[in-house]
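Colleague: Sharing a model that was predicted from the sequence below.
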Amino acid sequence: MRRAFNVIIERDPEGYYVASVPELRGCHTQARSLDTLMKRVREAIELCLEVEGQAPIPQEFVGVQRIWVEV
């Protein structure tokens with residue numbers, strides 16, 4: 001069975017791409033290139049699903065919003 005997961009990608013100050021999968025708690029990975037990141041995040045998802053034993057309930061992706069605050 002195929003299933004789609006939302007992946008959030010950010011770039012850290014050192015230039016690494018960091019991916020997280022909101023539907024899978026603790027499912028994160030990083031890489032220097034986006035190509036490598038995509039391979040690693042696919043592996044991370046597969047491992048998280050294997051450990052959990054069952055697929056989580058799908059969440060509907062709504063969007064990303066940037067909010068500015070004074071600190």
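Modeller: Perfect, thanks for sending it.
Colleague: Strands of this structure, start to end?
Modeller: In the chain, the strands defined using DSSP state E lie at 8-11, 17-20, 28-31.
Colleague: residues making contact with the second one?
Modeller: Read it as strand 17-20. Contact partners of strand 17-20, identified using Cβ atoms under 8 Å, 6 or more residues apart in numbering, comprise 7-12, 27-34, 37, 40-41, 44. No exception for glycine: its C-beta is placed from N, CA and C like everyone else's.
Colleague: Paired strands for it, with orientation please.
Modeller: Strand 17-20 pairs in its sheet with strand 8-11 (antiparallel), strand 28-31 (antiparallel), by DSSP bridges.
Colleague: low-scoring stretches of the chain, by residue?
Modeller: Counting by pLDDT under 70, the chain has low-confidence residues at 54-55.
Colleague: burial count for Pro56?
Modeller: Neighbour count of Pro56, defined by other Cβ atoms under 10 Å: 15.
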